[in-house]
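Q: Structure of the sequence below:
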Amino acid sequence: LAEDSGNSQAQVQAYSNMGAAYFNLGDYKQTIQSNKLAWKLIPEEDLEARAEAVASMAGSYFHMNNFEKAVKMYLQLLKLAEGLEDESMQLDTFKWLAESCYQMG
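A: Residues are numbered from 1 along each chain as shown. Below is the predicted model of the structure:
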């Protein structure tokens, strides 16, 4: 229905919700796919929505033990968090970035 509406904001929300559901089910590949679809529709200036999509993908890569991709995504998330001036998000991202690097050895 969201795709039929032509409302990109509704589509982003639908893809984000699907991604969250897949994440909760442990289907990380589908989580990434859903968030990639959302990402394509999120306006560049909507840093918060972009950060949400990137965080979900980063966490998925982490849970899939693909730490190299997780690191790349966490670095991207860090830039978004800095743009949002969200210190809490920055600290959380640093934590997961460090954990990903540690897991890589």
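
Q: which residues touch residue 15?
A: By C-beta atoms under 8 Å, 6 or more residues apart in numbering, the residues touching residue 15 are 34, 35, 37, 38, 41. Bear in mind the C-beta positions are built from the backbone N, C-alpha and C, glycine included.

Q: The residue most central in space within the chain: what secondary structure?
A: The centroid of the chain falls nearest to residue 54 when counting by C-alpha atoms, centre = their mean (2.3 Å). Judged by DSSP: H, G, I helix; E, B strand; the rest coil, the three-state class of residue 54 is helix.

Q: ok, now which ones touch it?
A: Taking C-beta under 8 Å, 6+ apart, one finds 35, 39, 73, 76, 77, 80 in contact with residue 54.

Q: Please repeat the previous calculation with a cut-off of 10 Å.
A: Residues near residue 54 by C-beta atoms under 10 Å, 6 or more residues apart in numbering: 35, 39, 72-81, 93.
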